[in-house]
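1. Quick one, what's the 3D model for this:
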Amino acid sequence: MPLSEVPRTVAHGVERGVRSGIVSVLLIGVRRRDPGAIVNATLAFVAASLPDVIEHRYDVEFRPWQRVYASIAMLMHAVGMLGPYDDVWWWDHLTHTHSATLLGGIVYTASRRRGRDPRTDVIGVVACVGILWEGMEYVIHTAANRLGIEPILVTYSKIDIVFDILFDLVGAVLVIVAGDSLLENFDLEHGEPRPGR
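-> Below you'll find the model as predicted:
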């Protein structure tokens, strides 16, 4: 079954399961007194709710698979804080690629709505945000170490930073290659801001 044909009821069930998983990560983080897991699970839960907010604000409708895809990205980040970022060598690469496709998709859609070719915008924004993210991770990790507290974000090494940005760019390229077919429901004629909102 193609992604575009996933029944809405199945997608909503998966979304509820994913959100429950994020709440479980939050509870485990509280039990372990792990600020990284707590903060990341909280932010992941909020981000997993964004498709609802966007649909309410704009006259667009996410396809069921798009909602699930975005929610799973948030769950992966939250779960990663419980150990996979440290223990599973490819976890960080996958989450960076996944997140970059979400950011790239937003940029792609915004560029298309402005009548622009989205390719350079997607690469530029994903690269810049990736570099800013890595800088923020480094500052937070360094400050937490100096204060003697558990960091909510971790920088592993210089090579890790290079790989993070590389996989961000992989996500951007995936959006450029598949954006026309996978994001057509967000084209301008499908979604104008609703008046008064």
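2. Name the residues of stretch 79-87 that are buried.
-> Neighbour counts over stretch 79-87 (16 or more other CB atoms under 10 Å) mark 79-82, 84-85 as buried. For the C-beta atoms, the positions are set from N, CA and C on the backbone; glycine is no exception.
3. ok, and the helix or strand in the chain with the lowest average confidence?
-> The weakest-scoring helix or strand in the chain, judged by mean pLDDT, DSSP states H and E, is helix 50-57 (a mean of 90).
4. Look up phi and psi at the spatially most central residue of the chain.
-> Nearest to the mean C-alpha position of the chain, by CA atoms, centre = their mean, lies residue 99 at 3.5 Å. For residue 99, the backbone dihedrals are phi -60, psi -40 (criterion: degrees, to the nearest 10).
5. all strands for this protein, in order.
-> For the chain, strands defined by DSSP state E do not occur.
6. domains in it, as residue ranges please.
-> If you go by automatic domain parsing, the domain ranges for the chain are 1-88, 89-191.
7. Residue 110 and residue 45, how far apart?
-> Residue 110 is 25 Å from residue 45, where distance means CB to CB, to the nearest Å.
8. more neighbours, those two?
-> Legend: neighbour count by other CB atoms under 10 Å for residue 110 and residue 45, higher for residue 45 (19 against 15).
9. wait, isn't the more buried one in contact with residue 26?
-> Yes: counting by CB atoms under 8 Å, residue 45 does reach residue 26; the two are 7.1 Å apart.
10. where do the contact lists of the two overlap?
-> residue 78 (CB atoms under 8 Å, 6 or more residues apart in numbering).
11. Near the spatially closest residue to residue 29 that is not a sequence neighbour, how many residues? Count them for me, please.
-> Nearest residue to residue 29, sequence neighbours excluded (CB to CB, 6 or more residues apart in numbering): residue 37, at 3.0 Å. Residue 37 is flanked by 25 other residues according to other CB under 10 Å.
12. related to what we said a few turns ago, tell me the contacts of the closest residue to the residue nearest to the centre of the chain other than its chain neighbours?
-> Excluding its sequence neighbours, the residue lying closest to residue 99 (CB to CB, 6+ apart) is residue 73, at 5.7 Å. Neighbouring residues of residue 73 by CB under 8 Å, 6+ apart: 95, 98-99, 102.
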